[in-house]
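# this one's sequence-less:
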């Protein structure tokens, strides 16, 4: 199995509901380093998994929907905790939509899976892995 | 599949028996950066894999059983090489015991797997992955 | 010249005023990795710069005054941009106060300088260096 | 499942053919950080996955076949794009050959899989995973 | 003293002349992670060292003059070894030219120094520090 | 001012005397990542600070005097605490001796300073800086 990963980041504000979150129930924020991994069993005719330039551009486009925002005020996230693991899934799903829409190039139709990892600090991160 | 990972470290002394270990047969030591990953297919009702605060606390408790010790003198490790890969398994198993004992919270009963990675330097690390 | 550095982090929300900040004028957030460096020309009688345990504890106490907060609502920061470089100075000054107050131990009176570096992402950081 | 990973690097020149590569069609170069992971379900009689010293030596030997070279001039790569993902597979296959040839020691015959990851920068990497 | 640092990277081919360089006399390549640090004793009226967005844009522009090129064929470098330390100075000098030309904004005229660090691998880097 | 830095590591056991060290008074160990920085105001006739290959070899030779040892049993360290900052100075001084002895090459006589940084974990490190 082959994969490539590209990294970008986003800086957001949010808060959590639930006693389990302790002080993180207050409005705070995070820099999320975001690693998007694309998988496929065989390389395409150019000898690559997917165009790294397009993968980087599309990851940046997805993160641009979050960047420099207060996630508590985003209608898409009303009533949910925008936990690191939830955001990993949301970003993976939006990347999957873009793969299907063709914005990562024709070759990207050979992709079989995506994993997104969000690092919230040097000591904590979360991942979501899905098929395509 | 979702996962979260928390990182901590421990500083220990030990030695190895067997020619394969070369100079590491002498008493020496290591700082192990320890990454504990917890997996589950669906998030819990709070929208998380497991409480990161509890995961961090319980990893710290497990590492406290090793920290600032000479592993050659620990009865639990008599007659075994405390290799990086062996320690990864030991820590994973002890974390699994704590998940079952409920110290990572009720939500942790939905966890299906644990991976522990120990970095012994910037150029060498070992992992152990198990089901729950 | 000797130095020791300890690292911790904090997660905060804030916004900036001024066109130069572009989208960061909106309420957003950051994880700041914070490196606090303590300097002195000679080691103390224990052979150290300062007790790393106390340095870590005091850095954690200073960061606890920021952690999981919206800095826009902190009276101490009314009317100022809590830029990464401004926060580096604020943390360095608060650590200097603690050195003088003796909470880093008696040996800490031999310290001659502090540098604080805040990493706001994997591609941007800021520092403030001062004498003691 | 157990694994160990060792890291080394190589510095090479190359160019790509295909419009998808944009400016990377020009002769340029890369430092590849190379992580070689070896897997097996049970530890050997020394309590390890494979001798880390031998794994490091053999990875170094494989990378020595690339290091400080212009890959465009290597007969082995005539007519192919030496993409990061292609090089990951090439290195994994050459390591697998060495495992079978016995140069990683007798214990290495218990290995069941290899993964090679090449980091081409701090924001992009590629992997290839195979069975043994 | 305050500073901010921004990071980017470039991928180039080159070779060296001189026996001291051993196998690096052959045409090879490198990914250079480039950290550009800007210093000043006091913050500007926005409470910053320099606009991080402009600093990132200008660093990218300077690196664009090198990226995906064979430095052996660049007229600007005829007859010199494009060592990591030489490139650090070249990039620092070009950034200094841009500060003076005003492309980092009016506030940048308060800068008093620049340091550029190039990481050629995870185990080797070089820096050049200069006044403005 | 120019500098180059090379990184290596060593794994040692030791213990400390003094209540300030708490549990580290017990025999334990550490992996030290060691960064050796060499400085000079002008490059040599090859366009470099010092031969990186020789710098790496000599750093490795110095670390070989510590590697896989219990520092409590080294006569050279009898009666002293082998703290991270003390070890940074010891390694810097031994590198300085080697510079003067000519083992880093003739060009190394132009070096004017050395800094050695020892990382004892991902959250703590120490440095010693000296002139040559």
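Now that the structure is in, tell me what you want to look at. Quick caveat: nothing in here was measured; it's all calculated off a predicted structure.
# Could you say which helix or strand holds residue A:115?
Secondary structure from DSSP states H and E places residue A:115 in strand A:113-121.
# and the very next helix or strand once past that strand, how far out from the chain's middle?
Downstream of strand A:113-121, the next assigned helix or strand under DSSP H and E is strand A:124-131. For strand A:124-131, the distance from its own C-alpha centre to the chain's C-alpha centre is 9 Å (CA atoms, centre = their mean, to the nearest Å).
# Which residues belonging to strand A:124-131 are considered buried?
Buried residues in strand A:124-131, defined by neighbour count with 16 or more other CB atoms under 10 Å in any protein chain shown: A:124-130. Glycine gets a C-beta too; all of them are placed from N, C-alpha and C.
# Any part of the longest helix along chain A near chain B?
Criterion DSSP state H: the longest helix present in chain A is helix A:84-101. Yes. Contact between helix A:84-101 and chain B, assessed by CB under 8 Å from any CB of the partner chain, occurs at A:84-86, A:88-89.
# what would those residues look like in CSV with distance to residue D:73 and pLDDT?
Listed next are those as CSV, based on distance: CB to CB, whole Å; pLDDT from 0 to 100:
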residue, distance to residue D:73, pLDDT
A:84, 46, 98
A:85, 47, 98
A:86, 49, 98
A:88, 42, 98
A:89, 46, 98
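# Is it correct that residue A:36 is in contact with residue A:6?
Yes. Using CB atoms under 8 Å, residue A:36 is in contact with residue A:6, at 5.7 Å.
# sorry, back to before: just how off-centre is the longest helix of chain A within its chain?
Worked out by CA atoms, centre = their mean, helix A:84-101 lies 6 Å from the chain centre.
# Give me the contacts around that helix.
Applying CB atoms under 8 Å, 6 or more residues apart in numbering or on different chains, the contact partners of helix A:84-101 are A:30, A:32, A:34, A:36, A:38, A:58-59, A:61-63, A:65-66, A:80, A:104, A:108-109, A:111, A:114-118, A:120, A:124-130, A:132, B:2-4, B:43, B:47-49.
# Just the buried ones from these?
For those, a burial check counting by 16+ other CB under 10 Å picks out A:30, A:32, A:34, A:36, A:38, A:58-59, A:62-63, A:66, A:104, A:108, A:111, A:114-118, A:120, A:124-130, A:132, B:2-4, B:43, B:47-49.
# Near chain C, list only the ones from those residues.
Residues of the buried ones among the contacts of helix A:84-101 in contact with chain C (CB under 8 Å from any CB): A:30, A:32, A:120.
# Am I right that the last one is in contact with residue A:32?
Yes. Applying CB under 8 Å as the test, residue A:120 and residue A:32 come out as touching, 6.1 Å apart.
# Between those two, which contacts overlap?
A:84, C:31.
# Can you read off the pLDDT for the residue nearest the centre of chain A?
Closest residue to the average C-alpha location of chain A: residue A:91 at 3.2 Å, with CA atoms, centre = their mean. On pLDDT, residue A:91 comes in at 98.
# can you check the one 3 residues further on too?
According to the per-residue confidence, residue A:94 scores 98 in pLDDT.
# how many other residues sit next to it?
Per other CB atoms under 10 Å in any protein chain shown, the neighbour tally for residue A:94 reads 18.
# Residue A:77 now?
Using other CB under 10 Å, residue A:77 has 16 neighbouring residues.
# Pretty sure it sits against residue A:66.
No. Using CB under 8 Å, residue A:77 is not in contact with residue A:66, being 9.6 Å away.
# any idea how far residue A:102 is from residue A:46?
Taking CB to CB, to the nearest Å as the measure, residue A:102 falls 16 Å from residue A:46.
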